[in-house]
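Trainee: coordinates for the following, if possible.
(2 chains)
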Amino acid sequence: MYDYSDFDEAFVRARVAQFSQQVARRIDGSLTEDEFRPLRLMNGLYLQLHAYMLRVAIPYGTINPRQMRQLAMIADVYDKGYGHFTTRQNIQFNWPKLPDVPAILSALADVEMHAIQTSGNCVRNVTADHFAGAAADEIEDPRPVAELLRQWSTDHPEFQFLPRKFKIAITGSPNDRAVTRAHDIGLRMVRRDGAPGFEVIVGGGLGRTPMIGHVVRDFLPKADLLPYVEAILSVYNTLGRRDNKYKARIKITVHETGVAEITRMIEDRFAEIRPQFGGNDQTLLAEIEAAFAPPAFRNAPVADFDAARLIDPAFRAWADTNLAEHRNAQYAIVTISLKAHGETPGDASSDQMRLIADLAERYGHSEIRISHEQNVILPHVHKGDLPVLHAALLKGGLGTANVGLLSDMIVCPGMDYCALATARSIPVAQEIALRFKELQIEHDVGPLKIKISGCINACGHHHVGHIGILGLDRAGVENYQITLGGDGTETAVIGERAGPGFAYDEITPAIERLIVAYLALRLEPAETFLQTYRRTGLAPFKAALYDQADRNAA
Amino acid sequence: MTRAFTPKVVTANLLLDGEVVWLTEDDRWTRHHHEAELIEDEAHAQLRLLKGAAQKHLVVGVYLADARAGSIGPEPVHFRETFRTRGPSNYAHGKQVDHV
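Mentor: Modelled structure (predicted):
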């Protein structure tokens, strides 16, 4: 993976020193909160419901064992022994104290990490396919381009005060695991006449006005990427609305301007600035690409894997759900579920972080990824090592075999932590997961994405959940709306609202009725929930949700 | 017709660690909701809010929250404020540590 250059190191250290001074001045009263707030947000520090929250960037979700151990140390020394992995592939610490934040940032800098641009109206952490560099279906590893964008956007003088926050996602595979169509800019690598390039999607986003992005270029040569992204940001920075924060995202700009017109403006701006890019970006990209060279894969028998699959049903269940196809047939991509039933989705204890770091070193060529689905990936594990890896994961409480299944939910922190939330998310997820564990039908239900948000900002991506749950405040009580049929992949679509919301104690039974209806409706076990929904439409699911509820109320 | 004033407490987060606190009648910031001053007069509420907001070296994000009289002192009305009195649902962290 990419190692910081001397420039990166000096930049991050200078930023830590600067913010340390700012914290000191806030504490001694030299800075007011109004003056301090934008400064702390520029360094990823929020004030939440019960405490401060520090959001640390994990660029394109790539992290090494040394960094993971440092996160564990921070969790132990400065927090409460755990961290929360987010849909932007970041990690959040929920309980830091203000005077400790400079020391935390310094500890992060020691392992080439930071919290810069994890908040504010700037380009946020660039996210990427969590199987990048390993997936069998990949055209090219998207991470070098993501790293180039990170370096370009960090403290970019023109783009530090955009109309609103700006999110970029990249996938190098035709199967979109990065939700590119729901980002301000989505980049999907494609080939034309053998040459790699990008399909460029602009104006997607969730939140109070969910929209699927529009393709503004169906093929952009790879060498043009940086000037083209700069052209998009430049047009948005000029046109984007600053008079109304709810209309400030680029999706609204695209909607109000029109796709054809904004495409023309982007192309015009691109033509203007393209000559200014003399090739330095490509020189830099070549250096970055060299840093992302694949590990030296070993050639060894996979008999232990085949034997374990035959004789150990627990291993077989885990292997069938948590492994993905690697480009090297002797290897597998391992997704470590952070969704043990009844636990908090996306949380890892410091002991679990250290275990993952150890296992990555021992069995995974020292590579770790964080997924936007709030799990941890070991992208390169030899199949012969999988039985022993699985045993170690089980011992550490990380062996849950549920990746892609019902309990593998994306869940925002909700009102248990977030100052913006209007209802809780975490206990809803815990209750649903425990209920279906009790029913023991999760594997029979098969692939299903439930996504839960605790407010309209949609950090839990509920709009693109096959089943989306949105928590709201209705007359002073928690209420949960259900959306159905959402999809965050290459066939992205926004889910359809099913009808009136459910009270807190009604939501799990409602989800159960949906699943029971699906099991009755599906034509065969291989027909997924989403396929069934697309075939039947909303009506039978709506009947399952509300007819029974009406009967109970009667 | 003006709306009836609903009783309030002044609440905020401590500057140093972000902990939720309430303003007491004798101008302290307390960790315990039931020790807060229950304010039943709108003009007085505005004065108390100003008093709290002026203490920028101690607290952040001062606001008035609905409350009602309880058996041992003020109780929160809205569920958000109830969560602020105890901490998150998923771990015994935050104020509920005192009660575990």
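Trainee: is the residue of the stretch 251-400 of chain A at minimum distance from chain B within a helix or a strand, and which one?
Mentor: Proximity to chain B, evaluated over the stretch 251-400 of chain A using CB to the nearest CB, is greatest for A:Thr344 at 4.6 Å. All C-beta atoms are positioned from the backbone trio N, CA, C, and that covers glycine. Here A:Thr344, judged by DSSP states H and E, is contained in no helix and no strand.
Trainee: okay, buried residues for stretch B:70-85 please.
Mentor: Of the residues in stretch B:70-85, those buried by neighbour count under the rule 16 or more other CB atoms under 10 Å in any protein chain shown are B:73-77, B:79-81, B:83-85.
Trainee: go ahead and confirm the residue of the stretch 251-400 of chain A closest to chain B touches B:Ser89.
Mentor: No: at 9.3 Å, A:Thr344 and B:Ser89 do not qualify as touching, with contact defined as CB atoms under 8 Å.
Trainee: show me which residues of chain B sit near chain A.
Mentor: Taking CB under 8 Å from any CB of the partner chain as the test, the list of chain B residues beside chain A reads B:13, B:15-20, B:56-57, B:60-61, B:77-80, B:83-84, B:87-91, B:93-95.
Trainee: now, those that are in helices?
Mentor: Counting by DSSP state H, the members of these that fall within helices are B:79-80, B:83-84.
Trainee: now for the residues you listed: which two are most distant?
Mentor: The span of these, defined through CB to CB, is set by B:Phe79 and B:Arg84 at 9.8 Å.
Trainee: what helices or strands is the helix ranked longest in chain B leaning on?
Mentor: Looking across chain B with DSSP H, the single longest helix is helix B:42-53. Applying 3 or more CB pairs under 8 Å, 6 or more residues apart in numbering or on different chains; DSSP states H and E, one finds that helix B:42-53 makes contact with strand B:8-14, strand B:20-23, strand B:59-69.
Trainee: now these as TSV including mean neighbour count and mean pLDDT?
Mentor: Formatted as TSV, those follow (neighbours: other CB atoms under 10 Å in any protein chain shown; pLDDT from 0 to 100):
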stretch	mean neighbour count	mean pLDDT
strand B:8-14	23	98
strand B:20-23	25	98
strand B:59-69	18	98
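Trainee: one step back: specify which member of the ones in helices among the residues of chain B next to chain A is nearest to A:Ala332.
Mentor: When those are compared for distance to A:Ala332 (CB to CB), B:Phe83 comes out closest, at 41.7 Å.
Trainee: now that closest one: closest residue in space that isn't a chain neighbour?
Mentor: Distances taken as CB to CB, 6 or more residues apart in numbering or on different chains put A:Met415 closest to B:Phe83, at 6.0 Å, once the chain neighbours are dropped.
Trainee: can you check A:Arg25 too?
Mentor: Ranked by CB to CB, 6+ apart and with sequence neighbours excluded, the top spatial neighbour of A:Arg25 is A:Leu31, at 4.5 Å.
Trainee: next, the one you found: secondary structure please.
Mentor: A:Leu31 carries the three-state label coil when classified by DSSP: H, G, I helix; E, B strand; the rest coil.
Trainee: check the one 5 residues further on too.
Mentor: Using three-state DSSP, the three-state assignment for A:Phe36 comes out as helix.
Trainee: distance of it relative to chain B?
Mentor: Applying CB to the nearest CB, to the nearest Å, the value for A:Phe36 to chain B is 9 Å.
Trainee: return the residues in contact with that residue.
Mentor: Each residue near A:Phe36 by CB atoms under 8 Å, 6 or more residues apart in numbering or on different chains is listed here: A:22, A:25-26.
Trainee: now the helix ranked longest in chain A: buried residues?
Mentor: Longest helix in chain A, counting residues (DSSP H): helix A:6-27. By neighbour count on 16+ other CB under 10 Å, the buried set for helix A:6-27 is A:8, A:11-12, A:15-16, A:19, A:22-23, A:26.
Trainee: just those now: which is nearest chain B?
Mentor: Lowest distance from chain B to the buried residues of helix A:6-27 (CB to the nearest CB) belongs to A:Arg26, with 7.6 Å.
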